[in-house]
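# sequence unknown, structure follows:
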Ligand SMILES: *Cc1c(COP(=O)(O)O)cnc(C)c1O
């Protein structure tokens with residue numbers, strides 16, 4: 001037994017599924033997850049000392065790669081001054097100022113400790129501001145694991161074929177209306193059926209939790225227009241896209257003006273951070289100024305603020321977003337011949353530093369139900385083939401890949417070479 005297998009067996013005895021978050025358990029691809037001892041730049045090092053070229057990046061936060069020296073230094077220096085004060089610290093305003101300066105609709109920011117808290121709290125605020133209960137979300141979009149948002153929520157849930165979770169009261173789920181992406185008519189019907197009762201529409205502007213479902217600009221524009229007409233608030237969930245697609249997130253890229261936006265992942269630089277932001281007049285409804293309660297013992301703690309600020313500093317100083325775009329372009333270029341020669345249908349969907357391998361025929365899917373189950377079967381084989389060659393993609397066909405500033409041309413080429421070998425024989429062909 002390898003050290004990794006031993007470590008995971010030990011975890012299985014005391015952690016449900018051996019993990020602290022379900023998709024890490026390899027349930028969708030089979031096999032035993034590697035237990036990781038360290039991360040260095042573009043690589044993970046497991047407890048056996050084996051190195052994996054990592055394209056998961058802890059599912060999004062590590063836009064600089066693992067253990068970036070500037071982040072490690074900032075966190076160490078902050079830790080030496082104390083890890084949490086339970087009182088205001090300068091880092092909070094500093095990080096909030098960055099959001100306000102960068103993001104289209106942000107005038108004030110509330111810091112939390114996860115993306116889940118950010119979306120949950122933004123929805124509460126929207127309900128208070130509109131005096132309405134209903135929330136519209138889209139099938140395949142994931143907004144964290146708050147009860148009323150765990151309805152047709154993509155990724156881990158698509159993977160485990162659970163339409164929602166046990167333990168969510170029907171009354172909660174009943175406040176959530178689920179629409180399909182890429183479907184203006186369906187959305188109009190939904191709005192017509194619930195005139196002026198919808199508090200908010202929450203959306204991943206670039207849905208990235210159920211493959212990478214690039215939306216038509218016309219659909220996004222129609223959605224934004226109708227949301228406004230109904231007096232509902234538009235909440236953009238930028239937990240993946242915020243500060244990854246650029247300073248202004250997906251909103252800027254797609255020309256959207258949300259009422260509220262939620263952040264996580266990159267903004268915390270690998271520490272637990274989330275945030276939500278919006279116009280001052282809305283955000284001032286939050287306690288202590290307003291009547292919407294929201295709190296957190298470790299919210300805005302100095303360690304997390306230091307990691308987020310250091311990450312944004314490096315991104316800005318190194319022209320990070322332009323470099324990531326170039327790296328993404330290179331990935332497309334290097335994978336093109338590999339995908340062309342593949343024994344199974346294979347397409348790369350790529351936006352900035354996010355990418356997804358779609359292993360089915362035809363156009364790239366734009367909605368959750370356009371993803372074929374057979375593609376997930378093919379992915380299993382590709383995933384394990386890559387892992388055997390020392391390359392780590394996400395252990396689920398529905399999850400995207402993440403490029404970081406630690407990746408260089410040679411790493412993209414290693415991925416292309418490994419994928420070339422795997423795809424030549426995938427699907428039992430040849
Ligand atoms: C990851 C994610 C969340 C939840 O964030 P956590 O920090 O895992 O709670 C919410 N929305 C989107 C779009 C995400 O990708």
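Nice, thanks for sending it over. Given the structure is predicted, the values throughout are model-derived calculations rather than measurements.

# and for the residue in the stretch 151-300 of the chain positioned nearest to the ligand, the neighbour number?
Proximity of the stretch 151-300 of the chain to the ligand (CB to the nearest ligand atom) peaks at residue 239, 3.5 Å away. Using the backbone N, CA and C atoms, a C-beta is placed for each residue, glycine as well. Applying the criterion other CB atoms under 10 Å, we find 31 residues in the vicinity of residue 239.

# tell me which element residue 185 is part of?
Remark: residue 185 resides in helix 184-193, with elements defined by DSSP states H and E.

# surely residue 109 forms part of a helix?
No. The assignment for residue 109, made by DSSP: H, G, I helix; E, B strand; the rest coil, is strand rather than a helix.

# of all of the stretch 101-250 of the chain, which residue lies closest to the ligand?
In the stretch 101-250 of the chain, no residue comes nearer to the ligand than residue 115, which is 2.2 Å away by CB to the nearest ligand atom.

# distance of that residue relative to residue 122?
According to CB to CB, to the nearest Å, residue 115 stands 10 Å off from residue 122.

# next, residue 355: phi, psi?
phi -140, psi 160 (degrees, to the nearest 10).

# these two touch, right, it and residue 349?
Yes. Taking contacts as CB atoms under 8 Å, residue 355 lies within contact range of residue 349: 6.8 Å.

# between these two, which is the more surrounded one?
Here residue 355 and residue 349 are set side by side on neighbour count (other CB under 10 Å), and the busier one is residue 355, at 22 against 18.

# who's that one bridged to?
Here residue 355 sits in beta bridges with residue 350, residue 401, as judged by DSSP bridges.

# dump the residue contacts of it.
Contact partners of residue 355, counting by CB atoms under 8 Å, 6 or more residues apart in numbering, are 212, 328, 331, 348, 349, 400, 401, 402, 403.

# which positions within stretch 418-430 qualify as buried?
418, 419, 420, 422, 423, 426, 427 (16 or more other CB atoms under 10 Å).

# now residue 62: how far from the ligand?
The spacing between residue 62 and the ligand, counted by CB to the nearest ligand atom, to the nearest Å, is 13 Å.

# what's around that residue, how many residues?
Neighbours of residue 62 (other CB under 10 Å): 26.

# tell me the pLDDT of it.
Taken from the predicted model, the pLDDT recorded for residue 62 is 98.

# need the phi and psi values for it.
Summarising the backbone geometry of residue 62 under the convention degrees, to the nearest 10, its torsions are phi -90, psi 60.

# quick revisit: where do the contact lists of residue 355 and residue 349 overlap?
When contacts are counted by CB under 8 Å, 6+ apart, residue 355 and residue 349 have residue 212 as shared neighbours.

# re the thing from before, could I get the buried residues of stretch 418-430 as a markdown table with pLDDT, distance to the ligand and secondary structure?
Below are the buried residues of stretch 418-430 laid out as a markdown table (pLDDT from 0 to 100; distance: CB to the nearest ligand atom, whole Å; DSSP: H, G, I helix; E, B strand; the rest coil):
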| residue | pLDDT | distance to the ligand | secondary structure |
| --- | --- | --- | --- |
| 418 | 98 | 26 | helix |
| 419 | 97 | 24 | helix |
| 420 | 97 | 30 | helix |
| 422 | 97 | 27 | helix |
| 423 | 95 | 27 | helix |
| 426 | 84 | 28 | helix |
| 427 | 78 | 30 | helix |
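
# need these in CSV with distance to residue 30, can you?
What follows is the buried residues of stretch 418-430, written out as CSV (distance: CB to CB, whole Å):
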residue, distance to residue 30
418, 19
419, 19
420, 23
422, 16
423, 19
426, 15
427, 17
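
# centroid-nearest residue for the chain?
Most central residue of the chain, judged by C-alpha distance to the mean C-alpha position with CA atoms, centre = their mean, is residue 240 at 3.4 Å.

# OK, contacts around that one?
For residue 240, the contacting residues are 60, 204, 206, 208, 209, 264, 265, 354, 400, by CB under 8 Å, 6+ apart.

# just the buried ones out of those residues, please.
Using 16+ other CB under 10 Å as the burial test, those include 60, 204, 206, 208, 209, 264, 265, 354, 400 as buried.

# so which of these sit within strands?
The strands in this structure, assigned by DSSP state E, contain residue 354 from the buried ones among the contacts of residue 240.

# how much space between the closest residue to residue 89 other than its chain neighbours and residue 115?
Residue nearest to residue 89 in three dimensions, not counting chain neighbours: residue 302, with 4.6 Å by CB to CB, 6 or more residues apart in numbering. When CB to CB is applied, the distance between residue 302 and residue 115 equals 20 Å.

# more neighbours: the two, which one.
residue 115 (30 against 20).

# what pLDDT is listed against the more buried one?
98.
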